[in-house]
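Trainee: sequence plus predicted model, see below.
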Amino acid sequence: MLHISKNDIEIKEDYNKFKAVKFSSDDRRYNSFNKFVIALFIIIFIILFLPWTQFVRGNGSITTLRPEQRPQSIQSAIPGRIEKWYIQEGDYVQKGDTIVHISEIKDSFFDPNLLARTESQVKAKGFSFESYQNKVTALDFQIAALKEERDLKLEQARNKLIQANLKVQSDSINFEAAKTQLSIAETQLSRTQTLESEGLKAVTDLEAKKVKFQETFAKRIEQENKLLESRNLVLNAQIEITSIKANYKDKIAKAESDQFTALSSQYDTESQLLKLENQFTNYSVRSGLNYIKAPQDGYINRAIQQGVGETFKEGATIVTIMPSNIDLAVETFVAPIDLPLIHIGEEVRIIFDGWPFIFFSGWPSLSYGTFGGKIVAVERFISPNGKYRVLIAPDPNEPDWPEPIRAGTGARSFALLNNVPVWYELWRQINGFPQDYYLPDDETTKLKK
């Protein structure tokens, strides 16, 4: 009471009418109750010192261990229109089985004989390419023949030049001899004239000497003409050599120009041929895309495109398929504060949605309906949900996972950590402390070494 008022309040109540008072006033029941409470406290005290397995909780779903085993969508590489379905949802298909037949919707590919006509264009362009090759080869032979003919002509002209030079030398010698004979004849004529004037020689001898002088002079002029003709032949031979060089240079240049033109046409034709071959290959591959086939064995989940006659763009999803042969794994997410406690190879207990279980997080050995796994991968970058992705594979030393579970089923994971007393775990959780940091045995051994 606060004793604020000076008036006393007297309350007289008969407590014996309460059941609790009657129950506690019985000495036998009182002693039994005290024993029960003491036993309960002893049990709780003992439990506080029992080992408790710390764990990291994660929520996720079932996925597959390998990327190619996960559900995938089948797209169309080309735009088209649905002509015929060969499957229905839930069907099992093998790799290469036809799923749907589509037709072209672009006017560039409407021609049913497009492949045959493109192949004809390729052959025609190939013949054109071969003809240009043959023309280039023929021009090579022509250029070689012109060069050989030029060399022969030059050799012939050079021989003429040598002959002309030799003839010049011969005529020059003959001209010098004629000049000598003319000088002798002139001397003899002068001497005969002197002797005839003195009466020592007859007039007939003088006349004979004059005739001989005239003959010698004429012979000298003749030899001089021959020498000039020989020199003219030398000049003609030199001009002929220059003319041959210029003539054949023009012919060879024209042939080489034709060859370069043929080479240019050949390269242009080769480029067009390669383009047509590439186009033909593209058409061939595109014609095979009209039948969309299963990329691997699996089950058809859902048909995204529906009906017959429906059109779609390239890259549109046609159906989704789930591979049949898969290695299941659990994709779970852990908080960043728990990431240092997650190591590859650690044991994990897993609870699958829809599967009956009895789970004691601190005593996993007493749990029922949980399945074992091992961590095989830890993501290096945080996920959009603010947690880190961890991939868990089945533990080969544990019982197999349930057969009915499918990819996408929800799963909860518990990564088992250190064993600590129960009182320590209660104290840790009351204070909001994280689990004890530790290293696996193999890493600890490496650090010790």
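Mentor: Looks like it came in fine.
Trainee: any low-confidence regions in this protein?
Mentor: Scanning the chain for pLDDT under 70 picks out 1-30, 49-55, 201, 354-369, 415-422, 424-429, 431-449.
Trainee: what's the biggest helix in it, counting residues?
Mentor: Taking DSSP state H as the criterion, the chain has its longest helix at helix 203-288.
Trainee: buried residues in whatever helix or strand comes next after that one?
Mentor: Downstream of helix 203-288, the first helix or strand assigned by DSSP states H and E is strand 291-293. Within strand 291-293, the residues scored as buried using 16 or more other C-beta atoms under 10 Å are 292-293. Bear in mind the C-beta positions are built from the backbone N, C-alpha and C, glycine included.
Trainee: helices and strands around strand 291-293, which ones?
Mentor: strand 98-103 (3 or more C-beta pairs under 8 Å, 6 or more residues apart in numbering; DSSP states H and E).
Trainee: toward the C-terminus, what is the element adjacent to the strand it packs on?
Mentor: helix 114-197.
Trainee: tell me the angle that next one makes with helix 203-288.
Mentor: Relative orientation of helix 114-197 versus helix 203-288 (axes from the mean of the first three to the mean of the last three C-alpha atoms, to 10 degrees): 170 degrees.
Trainee: what about the strands in the stretch 251-400 of the chain?
Mentor: Using DSSP state E, counting those that start in this stretch, the strands of the stretch 251-400 of the chain run over 291-293, 298-303, 311-312, 317-323, 328-334, 347-352, 371-378, 388-394.
Trainee: pick the most buried one from those.
Mentor: Most buried of these by mean neighbour count (mean count of other C-beta atoms under 10 Å) is strand 328-334; its value is a mean of 23.
Trainee: let me see the contact set for residue 76.
Mentor: Listed by C-beta atoms under 8 Å, 6 or more residues apart in numbering, the contact set of residue 76 reads 102, 289, 292, 312, 314-316, 318.
Trainee: at 6 Å what do you get?
Mentor: 316, 318 (C-beta atoms under 6 Å, 6 or more residues apart in numbering).
Trainee: swap in residue 224?
Mentor: Here residue 224 is in contact with residue 175 (C-beta under 6 Å, 6+ apart).
Trainee: if we use 8 Å, what do you get?
Mentor: With C-beta under 8 Å, 6+ apart, residue 224 has these contacts: 175, 178.
Trainee: phi and psi next, for residue 295.
Mentor: Backbone dihedrals for residue 295, given as degrees, to the nearest 10, come out at phi -80, psi -20.
Trainee: gap between it and residue 67?
Mentor: 13 Å (C-beta to C-beta, to the nearest Å).
Trainee: make TSV out of the strands of the stretch 251-400 of the chain and add distance to residue 275.
Mentor: Output for the strands of the stretch 251-400 of the chain, formatted as TSV (distance: least, C-beta to C-beta, whole Å):
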stretch	distance to residue 275
strand 291-293	27
strand 298-303	39
strand 311-312	29
strand 317-323	31
strand 328-334	48
strand 347-352	58
strand 371-378	47
strand 388-394	48
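Trainee: which stretch among those strands comes nearest residue 58?
Mentor: Ranking the strands of the stretch 251-400 of the chain by proximity to residue 58 (C-beta to C-beta) places strand 328-334 first, at 3.7 Å.
Trainee: the closest one vs strand 388-394, what angle?
Mentor: Inter-element angle recorded for strand 328-334 and strand 388-394: 150 degrees (by the same axes, to 10 degrees).
Trainee: from the contact counts, what lies against strand 328-334?
Mentor: With contacts defined as 3+ C-beta pairs under 8 Å, 6+ apart, strand 328-334 has these neighbours: strand 51-64, strand 388-394, strand 410-421.
Trainee: how long is stretch 303-318 end to end?
Mentor: 6 Å (C-alpha to C-alpha, to the nearest Å).
Trainee: mind checking which of residue 295 and residue 67 has more residues around it?
Mentor: residue 295 (15 against 8; other C-beta atoms under 10 Å).
Trainee: quick check, the more buried one in contact with residue 74.
Mentor: Yes: in this structure, residue 295 is within contact of residue 74 by C-beta atoms under 8 Å, at 6.8 Å.
Trainee: what residues are shared contacts of these two?
Mentor: By C-beta under 8 Å, 6+ apart, residue 295 and residue 74 have these common neighbours: residue 321.
Trainee: which ones are touching the residue nearest to residue 192 when sequence neighbours are not counted?
Mentor: Nearest non-adjacent residue to residue 192, counting by C-beta to C-beta, 6 or more residues apart in numbering: residue 209, 4.4 Å away. Neighbour list for residue 209: 185, 188-189, 192-193 [criterion: C-beta under 8 Å, 6+ apart].
Trainee: count the residues that sit near the closest residue to residue 77 other than its chain neighbours.
Mentor: Leaving aside its sequence neighbours, residue 77 sits nearest to residue 289 (C-beta to C-beta, 6+ apart; 5.4 Å). Neighbours of residue 289 under the rule other C-beta under 10 Å: 15.
Trainee: hmm, residue 289 is touching residue 79, no?
Mentor: No: using C-beta under 8 Å, residue 289 makes no contact with residue 79, being 10.5 Å away.
Trainee: isn't residue 203 up against residue 193?
Mentor: No: using C-beta under 8 Å, residue 203 is not in contact with residue 193, being 10.5 Å away.
Trainee: how about the closest residue to residue 238 other than its chain neighbours, what does it touch?
Mentor: Spatial nearest neighbour of residue 238, chain neighbours left out: residue 161 (6.2 Å); criterion: C-beta to C-beta, 6+ apart. By C-beta under 8 Å, 6+ apart, the contact list for residue 161 reads 234, 237-238, 241.
Trainee: of the residues you listed, which is the most crowded?
Mentor: residue 237 (20 neighbours).
Trainee: what's the nearest residue to that residue if we skip its chain neighbours?
Mentor: Using C-beta to C-beta, 6+ apart, the closest residue to residue 237 is residue 161 (3.6 Å).
Trainee: over to residue 245?
Mentor: Residue nearest to residue 245 in three dimensions, not counting chain neighbours: residue 154, with 7.0 Å by C-beta to C-beta, 6+ apart.
Trainee: I'd say that neighbour and residue 243 touch.
Mentor: No: judged on C-beta under 8 Å, residue 154 makes no contact with residue 243 at a distance of 10.5 Å.
Trainee: neighbour count winner among those two?
Mentor: residue 154 (15 against 12).
Trainee: gap between the nearest residue in space to residue 57 that is not next to it in sequence and residue 375?
Mentor: In space, and not counting its chain neighbours, residue 57 is closest to residue 414: 5.9 Å by C-beta to C-beta, 6+ apart. To residue 375, residue 414 is 12 Å away according to C-beta to C-beta.
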